[in-house]
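>>> kindly return the folded structure for what I paste below:
(chains A, B, C and D)
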There are 2 protein chains.
Amino acid sequence: MISRRIPEASVARLPLYLRVLVDLAEGGAQTVSSHALAEAVGVNPAKVRKDLSYLGSYGTRGVGYDVEYLVRQISRELGLSEEWATCIVGLGNLGLALAHYGGFVERGFHLAALLDDDPAKVGTTVADVEVSHVDETERLVKEHGIAIGVIAVPATAAQEVADRLCAGGVTSILNFAPAVLQVPDGVSLRKVDLAVELQILAFYEQRRAVEAAGLGGADLAGVLDPIPPP
Amino acid sequence: MISRRIPEASVARLPLYLRVLVDLAEGGAQTVSSHALAEAVGVNPAKVRKDLSYLGSYGTRGVGYDVEYLVRQISRELGLSEEWATCIVGLGNLGLALAHYGGFVERGFHLAALLDDDPAKVGTTVADVEVSHVDETERLVKEHGIAIGVIAVPATAAQEVADRLCAGGVTSILNFAPAVLQVPDGVSLRKVDLAVELQILAFYEQRRAVEAAGLGGADLAGVLDPIPPP
DNA sequence: AGCTGTGAAAAAGTTCACAGCA
DNA sequence: TGCTGTGAACTTTTTCACAGCT
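Take a look at the predicted model:
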């Protein structure tokens, strides 16, 4: 119980376990083994046990884990017992999609404000929330006690928006803009970058193509050999 | 040059380097040091050098890396010299946002098909592409030689869509549905899960709150102590 | 017998620190 | 002098393997 440091990699898997466990609970399951849980999440059973052991020893040897109990423990650990106030800055296609995303509000995330710099959007209502001008960011973050800010603006505006969110007192940022952001110590920053994900997939596509072409050690000139440097 | 295995973690950073390098090139920079590049991407300079060394030895000691040359090398490594045909399945808010996303088409990704199961959407045109019925998935993937499929349907439909994409011959999938997918060997799968990202942020929010409350070893009962198991 | 919890081993990833070249 | 390239140390993460409880 003292000084529980849960490794980052484990933290990132807790939401996945939780989702499966909720489904299992709804399906009426009482207990689940690390093996079954691992299968459902697509990981190794030993990893499941290690991850869950960081939360404490909640399983029963010979039986497995109590589903309902585990749901409660993980929810609490993830802070999902509380309601986190969030805001979305930037209501382009992506921002709108996020605002309407059900899973957003589903578990403890409350959309407290929407912000955009387009006067045509300010004052309209999206997902039952009135859109405010981005200049109001600091004020609204303070007033609503917003903890998590979501950035869905173009890359060029992202740092300014981040600065404003932090100035207002946000302590977590989820950034969808393709930009590297600087935030003060003590602010958590996560990034989702669609173009990067596609490029990673392209890398492995490319490699398969090269490997197929290169079977048996054929000459790959023009396919992967480096061009001599300038 | 023989058997170049680039670690996954490095591959995931190549697109970030590329983005910065393209900006630098547009800004007229001739060369860049590992230090400057590291700063711009937000990583350690040694990591930059290690990562780039996997591509070959493209730097010049005492000088740095030739920006243009590095852009070419990384682009080639990421398979961005080719045009990858992609499709998006599911044209809800997120699917539409993805279809309109500029960065999508920007670098070598060509939107060859859009699919949805809603008869009202089939036949309409989105982002200059006519929407087809999801039953056409296999056929369209084959016909257009689509390599990468993007899944933006609800979780319940995601596995079926994945199966169809794979049946058609897709070799990479980017999944936005909150579901764990099963794909055949040889198909790359990446996942973007908005709810998970928020929950990870909530975990660290929660922990900060607990740490603040627990300064000096105060009693945390009711905040983090476990409820006794059933 | 079945399944958890966990030390210990293995693997992957990061950072250091410095030789070596421009 | 300045900066790359890289072996080696270190850290984190994953996996194994088995003792220990039910």
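>>> from here on, just use CA atoms for contacts and neighbour counts.
Will do.
>>> A:Val129 against A:Lys121, yeah?
No: with contact defined as CA atoms under 8 Å, A:Val129 does not reach A:Lys121; the gap is 11.9 Å.
>>> quick one, which of these two is more surrounded?
Neighbour totals were compared for A:Val129 and A:Lys121, and A:Lys121 leads with 17 against 14 (other CA atoms under 10 Å in any protein chain shown).
>>> OK, contacts around that one?
Listed by CA atoms under 8 Å, 6 or more residues apart in numbering or on different chains, the contact set of A:Lys121 reads A:Val131.
>>> mind running it again at 10 Å?
By CA atoms under 10 Å, 6 or more residues apart in numbering or on different chains, A:Lys121 lies in contact with A:Leu91, A:Gly92, A:Leu115, A:Glu130, A:Val131, A:Ser132, A:His133.
>>> give me the distance between stretch A:61-72 and the centre of its chain.
Centroid separation for stretch A:61-72 versus its chain: 25 Å, with CA atoms, centre = their mean, to the nearest Å.
>>> any buried residues in that stretch, and which?
With burial defined by 16 or more other CA atoms under 10 Å in any protein chain shown, the residues of stretch A:61-72 counted as buried are A:Gly64, A:Tyr65, A:Asp66, A:Val67, A:Glu68, A:Tyr69, A:Leu70, A:Val71, A:Arg72.
>>> avg pLDDT for it?
Averaging pLDDT along stretch A:61-72 yields 96.
>>> can you list contacts of that stretch?
Stretch A:61-72 has contacts (CA under 10 Å, 6+ apart) with A:17-26, A:28-37, A:49, A:52, A:55, A:57-60, A:73, A:75-78, A:80-81, B:226-230.
>>> touching DNA strand C at all, that stretch?
Yes: against DNA strand C, stretch A:61-72 shows contacts by CA under 7 Å from any atom of the strand at A:Arg61, A:Gly62, A:Val63, A:Gly64, A:Tyr65.
>>> for the residues you listed, give me CSV that also has distance to B:Leu181 and secondary structure.
Output for those, formatted as CSV (distance: CA to CA, whole Å; DSSP: H, G, I helix; E, B strand; the rest coil):
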residue, distance to B:Leu181, secondary structure
A:Arg61, 30, coil
A:Gly62, 29, coil
A:Val63, 27, coil
A:Gly64, 24, strand
A:Tyr65, 24, strand
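>>> which elements pack onto the helix or strand of chain A with the lowest mean pLDDT?
Here the helix or strand of chain A ranked lowest by mean pLDDT, DSSP states H and E is helix A:102-106, holding a mean of 74. Applying 3 or more CA pairs under 10 Å, 6 or more residues apart in numbering or on different chains; DSSP states H and E, one finds that helix A:102-106 makes contact with strand A:84-89, strand A:109-116, helix B:194-213.
>>> out of the ones you listed, nearest to DNA strand C?
For those, the distance to DNA strand C is smallest for helix B:194-213, at 18.2 Å, taking CA to the nearest atom of the strand.
>>> spell out whether the closest one and DNA strand D are in contact.
No: among the residues of helix B:194-213, none lie within reach of DNA strand D under CA under 7 Å from any atom of the strand; the closest is 13.1 Å away.
>>> tell me the mean pLDDT for that helix?
Averaging pLDDT along helix B:194-213 yields 92.
>>> export only the CA atoms of whichever strand or helix holds A:Glu130, formatted as PDB.
A:Glu130 is part of strand A:129-133, with elements assigned from DSSP states H and E. C-alpha atoms of strand A:129-133 as PDB (Å, rounded to 0.1, in the frame of the first residue of the first chain):
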ATOM      1  CA  VAL A 129     -22.800  23.500 -24.900                       C
ATOM      2  CA  GLU A 130     -22.600  27.100 -26.100                       C
ATOM      3  CA  VAL A 131     -19.400  27.900 -28.100                       C
ATOM      4  CA  SER A 132     -17.200  30.700 -26.600                       C
ATOM      5  CA  HIS A 133     -14.500  32.700 -28.100                       C
END
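>>> is any part of it close to chain B?
No: counting by CA under 10 Å from any CA of the partner chain, chain B has no neighbours in strand A:129-133; the shortest distance is 17.0 Å.
>>> what's in contact with the following helix or strand past that strand?
Using DSSP H and E, the helix or strand that follows strand A:129-133 towards the C-terminus is helix A:137-144. Outside helix A:137-144, the residues that touch it by CA under 10 Å, 6+ apart are A:85-87, A:89, A:112-116, A:132, A:134, A:145-149, A:161, A:163-170.
>>> name the spans of chain A whose pLDDT lies under the cut-off.
Along chain A, the model assigns pLDDT under 70 to residues A:1-3, A:215-230.
>>> that older thread, of all the helices and strands packed on helix A:102-106, which one is nearest A:Ala9?
Minimum separation from A:Ala9 across the helices and strands packed on helix A:102-106 (CA to CA) falls at helix B:194-213, 10.4 Å.
>>> elements contacting the closest one?
Going by 3+ CA pairs under 10 Å, 6+ apart, helix B:194-213 lies up against helix A:8-26, helix A:67-77, strand A:84-89, helix A:102-106, strand A:109-116, strand A:148-151, strand A:172-175, strand A:188-191.
>>> tell me which of those is the most buried.
Highest mean neighbour count among the helices and strands packed on helix B:194-213 (mean count of other CA atoms under 10 Å in any protein chain shown): strand A:148-151, with a mean of 28.
>>> now it - C-alpha only, CSV.
Taking C-alpha atoms only, strand A:148-151 is exported to CSV below (Å, rounded to 0.1, in the frame of the first residue of the first chain):
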residue,chain,number,x,y,z
ILE,A,148,-8.3,18.6,-19.0
GLY,A,149,-8.1,20.6,-22.2
VAL,A,150,-8.4,19.0,-25.6
ILE,A,151,-6.6,20.8,-28.5
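>>> quick one: contacts of the next helix or strand after it?
Using DSSP H and E, the helix or strand that follows strand A:148-151 in sequence is helix A:155-168. When contacts are defined by CA under 10 Å, 6+ apart, helix A:155-168 is touched by residues A:87, A:89-90, A:134-143, A:145-153, A:169-184, A:187, A:189.
>>> how close does the nearest residue to A:Val126 once chain neighbours are set aside sit to DNA strand D?
In space, and not counting its chain neighbours, A:Val126 is closest to A:Ala99: 7.3 Å by CA to CA, 6 or more residues apart in numbering or on different chains. Plainly put, A:Ala99 is 30 Å away from DNA strand D if you go by CA to the nearest atom of the strand, to the nearest Å.
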